[in-house]
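> Got a sequence here, can you build the structure:
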Amino acid sequence: MLDWHFHRRYMFAMNWGAFDLNLLIVFDAVMQERSVTRAGSRIGLSQPAMSHALNRLRYMLKDELFIRTPEGMVPTPRAETLAQPLRSALSEMQLALEPAAFDPAASDRRFALAVNNYAAVVLAAPLVAAVSAAAPAVTLDLRPSGTLDIVDRLDRGDLDLTVGGMASPGERFATAPLFEDPFVMVMRRGHPASGRKLTAKAVAALPHLDISSSREDTSFKDRWLAEHGLARRIALRAPYLSAAAILVQSDLVVTLSRRIAQEFVRNHPLVICKPPYDSPLVRTVMLWHRRLDRHPAHRWLRDVVLSVAKSL
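Purely as a prediction, here's the structure:
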């Protein structure tokens, strides 16, 4: 019995020793990109080399792994099972192999950040400028957080950090506060309501634009109006992308967090009006996985984000 167990362990070690770990990098790239071509571009391999690597991996794991469809390369159940532990392992290996010190001026590292609409409008441009000035070869990959499973992406190492209103989802994550903003009202320059003090009755009479792509809770306005026996009339729902242009060409008004309103006013003929109600604060935080707390490159990135936020 002892000899049989020894032989089994020895054979496993031999198989693992003969395994080309580069194949796992190919698997991970295809899993994330769902395209052999895009995965190849990501890791610097030609399409024939990618196909050859995938075929080797399929033979070794005795599974098709990915099925080609009009929507892209769809993973098999076996591939789905392998994906997360493999992504976590590769992420840990990458971190372990990085230099003990980080030199931003010499680095060509890529950082992936998820940002909500607020951060995309307020923080993205000055953050890109600050990173470019200090680390010209560093690449930022800014992704809209509303389309992502943030917790899963942070756990797997697909994201370095996220900026938004999300509270810490667990002990394994750390946060740092960036902004606190009240809400204000925005309307076109020359709007009939812009030159006078707003009352509850005046606010209720205005046609309101509601931002459909925002996750900010503005129901406090409706509760305030209800206390005065009034209700808000939402004349239009539209995303942030079109809001400024709509406001400029109409008598609609919108309620926005102050820094977003300031960006709108800076770039369009709009004005900010202080609302006649007490406003709650919109809190924006930076969130990251604690395993990156002491990582030099990540600490540099967090310091840059904090510095940019403080300057705003």
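> Can you verify residue 60 is assigned to a strand?
No - Residue 60: not assigned to a strand; according to DSSP: H, G, I helix; E, B strand; the rest coil it is helix.
> quick one, strands of the stretch 51-200 of the chain?
Assigned by DSSP state E, counting those that start in this stretch, the strands in the stretch 51-200 of the chain fall at 66-69, 72-75, 110-115, 139-144, 161-164, 173-188.
> could you redo those as a markdown table and give each row distance to residue 217, mean pLDDT and mean neighbour count?
Just so you know, the C-beta spots here come from the backbone N, C-alpha and C atoms, and that holds for glycine as well. Listed next are these as a markdown table, based on distance: least, Cβ to Cβ, whole Å; pLDDT from 0 to 100; neighbours: other Cβ atoms under 10 Å:
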| stretch | distance to residue 217 | mean pLDDT | mean neighbour count |
| --- | --- | --- | --- |
| strand 66-69 | 39 | 90 | 13 |
| strand 72-75 | 36 | 88 | 16 |
| strand 110-115 | 19 | 94 | 19 |
| strand 139-144 | 19 | 94 | 14 |
| strand 161-164 | 14 | 94 | 24 |
| strand 173-188 | 10 | 95 | 19 |
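> Kindly reformat the ones you listed as a markdown table and extend each row with distance to residue 56.
Output for the strands of the stretch 51-200 of the chain, formatted as a markdown table (distance: least, Cβ to Cβ, whole Å):
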| stretch | distance to residue 56 |
| --- | --- |
| strand 66-69 | 13 |
| strand 72-75 | 16 |
| strand 110-115 | 27 |
| strand 139-144 | 29 |
| strand 161-164 | 35 |
| strand 173-188 | 37 |
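> Show me the one of those strands that comes nearest residue 279.
For these, proximity to residue 279 was assessed by Cβ to Cβ; strand 173-188 is nearest, at 4.1 Å.
> Heading C-terminal from the closest one, find the next helix or strand.
Note on strand 173-188: by DSSP states H and E, the next helix or strand toward the C-terminus is helix 200-205.
> Could I get the CA-only coordinates of that following helix as CSV?
Below are the C-alpha coordinates for helix 200-205, written out as CSV (Å, rounded to 0.1, in the frame of the first residue of the first chain):
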residue,chain,number,x,y,z
ALA,A,200,-41.3,74.4,-2.0
LYS,A,201,-44.1,75.5,-4.3
ALA,A,202,-41.6,76.8,-6.9
VAL,A,203,-39.6,73.6,-6.8
ALA,A,204,-42.7,71.5,-7.3
ALA,A,205,-43.8,73.7,-10.3
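> Now do the buried residues in it.
Residues of helix 200-205 classed as buried by neighbour count (16 or more other Cβ atoms under 10 Å): 203-204.
> And that helix, what does it pack against?
helix 219-227 (3 or more Cβ pairs under 8 Å, 6 or more residues apart in numbering; DSSP states H and E).
> could you say what helices and strands the helix it packs on packs with?
helix 200-205.
> contact partners of the helix it packs on?
Among residues not part of helix 200-205, those counted as contacts by Cβ atoms under 8 Å, 6 or more residues apart in numbering are 185, 193, 196, 221, 224-225, 228, 230-233, 275-277.
> Most neighbours among those residues, which one is it?
Sorting the contacts of helix 200-205 by how many neighbours each has (other Cβ atoms under 10 Å) puts residue 185 first, at 25 neighbours.
> what's around the nearest residue to that residue once chain neighbours are set aside, how many residues?
With Cβ to Cβ, 6 or more residues apart in numbering as the criterion, residue 185 has its nearest non-adjacent residue at 4.5 Å, and that residue is residue 273. Using other Cβ under 10 Å, residue 273 is surrounded by 19 other residues.
> phi, psi of residue 273?
Residue 273 adopts backbone torsions of phi -120, psi 140, taken as degrees, to the nearest 10.
> That one contacts residue 183, doesn't it?
No - Residue 273 lies out of contact with residue 183 (Cβ atoms under 8 Å); the separation is 11.1 Å.
> could you list every residue that touches residue 265?
Counting by Cβ under 8 Å, 6+ apart, residue 265 makes contact with 186, 271-272.
> Need the three-state assignment for it.
Residue 265 ends up helix, using three-state DSSP.
> any idea how far residue 188 is from it?
Residue 265 sits at a distance of 11 Å from residue 188 (criterion: Cβ to Cβ, to the nearest Å).
> Next, show the common contact partners of those two.
In contact with both residue 265 and residue 188: residue 271, using Cβ under 8 Å, 6+ apart.
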